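Visitor: Mind looking at a prediction? Sequence and model below.
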Number of protein chains: 2
Amino acid sequence: MGGDVGPDVVIPAALSALEQHDDLNVILVGDESLLKQALGMHKARAHDRLLVHHASQSVEMDELPSHALRSKKDSSMRVAINLISDGTADACVSAGNTGALMATARFVLKMLPGIDRPAICTALPSNTAHTWMLDLGANVDCDAEHLLQFAVMGSVLAKAVDNNEHPRIGLLNIGEEETKGNEQVKQAAQLLSNSHLDYRGYAEGDDIYKGNFDVIVCDGFVGNISLKTSEGVARMIAQFIREEFNRNLLTKLAALVTIPVLKNFRKRIDPRRYNGATLLGLRGIVIKSHGGADPLAFANAIKVAIVEVRESVPERISNQLEIYLQHRQAI
Amino acid sequence: MGGDVGPDVVIPAALSALEQHDDLNVILVGDESLLKQALGMHKARAHDRLLVHHASQSVEMDELPSHALRSKKDSSMRVAINLISDGTADACVSAGNTGALMATARFVLKMLPGIDRPAICTALPSNTAHTWMLDLGANVDCDAEHLLQFAVMGSVLAKAVDNNEHPRIGLLNIGEEETKGNEQVKQAAQLLSNSHLDYRGYAEGDDIYKGNFDVIVCDGFVGNISLKTSEGVARMIAQFIREEFNRNLLTKLAALVTIPVLKNFRKRIDPRRYNGATLLGLRGIVIKSHGGADPLAFANAIKVAIVEVRESVPERISNQLEIYLQHRQAI
């Protein structure tokens, strides 16, 4: 492993995940001697459910994906993904460079048949439960067909993870009326209306957090900006709350009384609970953890991987895509 | 006036604005008898600083802009904008249909020389003060030149309203690195780097709320989704806070103690304080109020108009654009 999140985060996360999931095996990929040393510092050592696999290089956070692909053939990232392709591992979880992870996964694992582009997908909290949103930044430009494929992939994730038999699909746009939006979105609306999916029309930015859609699709440029905007608003509001409670002695006393309430509140919007974005569309399961993850957040990303392995997400995407294509031929 | 916000909102807002600003004159445009009746209900009547101007039609909120333009030549919106073009009024404030307002203003007032497209701009709260953001939905597709014009217009607004001599300009993108983003954004970055503006590079979604830029530009599709996303996050968080304080007797007691803190907090993120988006780029001042505005919010939109009239915003945009063009010729 390389990047911002090192063994100090990954090892405690792995240990806690191993404790919680009896059927889990973890392979730590990175510099073997460093990893073994780090295990020792956490009073742990390798055993038959916790293996260490050596990789001599690591990908930097600011490294160009093309450079990583060309000259880091023994990076922890590349080796971890190789373990999927040779059947040793069922999934890879990484907090490394997103672009490099995506490029490497695409190169090594290849895309699922019928999927042109991979997409980054995650669940965002809503008033009722959560909303799956994709793409969050893998594709700067997308055409209507790509958005349709994202909808198929997102609906599979909602079905697999939430046991939601009929995920309601929304298309992110700047208004609910049919006349609104750019060409790409209008064409995607046509494709979605004619598909077998439960397409519910255009979603606006605030719909992500309302809970009236289960899956919202958009291109990666808009999706990434919407996600980062959300983080910005939440952080500013948290900051304002802190400042108001720190204003004077009275407000500080009020804060003391409010601690349990604020704790529950913070838990509900804790981004760590939503850590672990899926790189969908690949012939394998690759989960991207936030670069600033702590052990709790990283353990959550591992949990996402476990669920996707159990639910055979890539295979189900292939099946759904076939159903879509049959449906399209039939009309 | 028509639309969702009627005389019950606009009249008290106008009365309070007239009280606060000695140099303000208000012309209420709409059905004369209805307006006079509504004035009576607010224990007020027309006088030389509060005039009533008759208009026999009104534009519906879901009406197509082209339809409003063609067949609503005596709508309150159209008549109010006519009052600017004939020199009777200095600015128009409306809570009506945004598309129709934009189309009508553009048709009647025309664009400033050198500006191709109008843009919707508003100030959003940040950790330090606020950030001007545009375009928020007037233009679904924009090229690099449009984004440059938005930057010129936004910087004029920051200078005029905030007395900020060197507004820091950011370009909304999905990463800070030069290699990131779509073609349109990369080209706009080039134009901005070569301009006389204080261009500070790419801004990510969370930068809107951090306060490290004074003006952030983007196309109207991304801007509108980012704005609506922000509203959605803020509303969800407010809802979570309410729910946590309503959980049981103890948390309800905590809420009582916390009332002053929560009040201050709510005031800081109160969207009414940010009501009043500017339609920039026109030969005249047109302010769009939120459709769900209450008197306090609408009065704020009137205040925005007053500031822009005082600071001659359209003329200053023309001047700045000329400086930009001279600068471009010189390099």
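Guide: Arrived safely, thanks for sending. Computed from a prediction, not measured in an experiment: that's the story for all the values here. Numbering: from 1, shown residues only, chains lettered A, B, ... in the order given.

Visitor: Show the residue spans covered by the strands in the stretch 101-250 of chain A.
Guide: A:119-125, A:130-134, A:168-172, A:198-203, A:215-217 (DSSP state E, counting those that start in this stretch).

Visitor: quick one: contacts of stretch A:60-68?
Guide: Residues from elsewhere that reach stretch A:60-68 (C-beta atoms under 8 Å, 6 or more residues apart in numbering or on different chains): A:2-4, A:59, A:72, A:75, A:77-78, A:96-97, A:99-100, A:102-104, A:291, B:177, B:179. (Glycine included, C-beta is placed from N, CA and C.)

Visitor: Count the neighbours of A:Asn248 for me.
Guide: Per other C-beta atoms under 10 Å in any protein chain shown, the neighbour tally for A:Asn248 reads 10.

Visitor: which of the strands of the stretch 101-250 of chain A sits most buried?
Guide: Burial of these is given as mean neighbour count (mean count of other C-beta atoms under 10 Å in any protein chain shown); strand A:215-217 ranks first at a mean of 30.

Visitor: That one pairs with which strands, parallel or anti?
Guide: In the sheet, strand A:215-217 lines up against strand A:130-134 (parallel), strand A:168-172 (parallel) (DSSP bridges).

Visitor: How about residues contacting the last one?
Guide: Spelled out, that is strand A:168-172. For strand A:168-172, contacts defined as C-beta under 8 Å, 6+ apart pick out A:147, A:151, A:154-155, A:185, A:188-189, A:192, A:197-205, A:207-208, A:212-218, A:222-223, A:226, B:225.

Visitor: cutoff 6 Å now
Guide: By C-beta atoms under 6 Å, 6 or more residues apart in numbering or on different chains, the residues outside strand A:168-172 that reach it are A:151, A:188-189, A:197-200, A:202-203, A:213-218.

Visitor: and of those, the nearest to chain B?
Guide: A:Cys218 (7.7 Å; C-beta to the nearest C-beta).

Visitor: Could you list the contact residues of the stretch 151-300 of chain A toward chain B?
Guide: A:174, A:182, A:204-206, A:208-209, A:221-222, A:224-226, A:228-234, A:236-237, A:239-241, A:244-245, A:251, A:254, A:257-258, A:261, A:264-265, A:268 (C-beta under 6 Å from any C-beta of the partner chain).

Visitor: Of those residues, which count as buried by neighbour count?
Guide: Buried members of those, scored by 16 or more other C-beta atoms under 10 Å in any protein chain shown, are A:174, A:182, A:204-206, A:208-209, A:221-222, A:224-226, A:228-234, A:236-237, A:240-241, A:244-245, A:251, A:254, A:257-258, A:261, A:265.

Visitor: Now intersect those with the helices, please.
Guide: Those of these mapping onto helices are A:221-222, A:224-226, A:228-234, A:236-237, A:240-241, A:244-245, A:251, A:254, A:257-258, A:261, A:265, per DSSP state H.

Visitor: Just the CA atoms of the least confident helix or strand in chain A by mean pLDDT, as CSV, please.
Guide: Least confident element among the helices and strands of chain A, by mean pLDDT, DSSP states H and E: helix A:249-268 (a mean of 83). C-alpha atoms of helix A:249-268 as CSV (Å, rounded to 0.1, in the frame of the first residue of the first chain):
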residue,chain,number,x,y,z
LEU,A,249,-19.7,30.7,28.7
LEU,A,250,-23.5,30.3,28.3
THR,A,251,-23.3,28.7,24.9
LYS,A,252,-20.5,26.5,26.1
LEU,A,253,-22.8,25.3,28.9
ALA,A,254,-25.5,24.7,26.4
ALA,A,255,-23.0,22.6,24.4
LEU,A,256,-22.5,20.4,27.4
VAL,A,257,-26.2,19.7,27.8
THR,A,258,-26.4,19.1,24.1
ILE,A,259,-23.5,16.6,23.8
PRO,A,260,-25.6,13.4,23.4
VAL,A,261,-27.9,15.1,20.8
LEU,A,262,-24.9,16.5,18.8
LYS,A,263,-23.2,13.1,19.0
ASN,A,264,-26.2,11.3,17.4
PHE,A,265,-26.5,14.1,14.9
ARG,A,266,-22.8,13.8,13.9
LYS,A,267,-23.1,10.1,13.6
ARG,A,268,-25.9,10.5,11.1
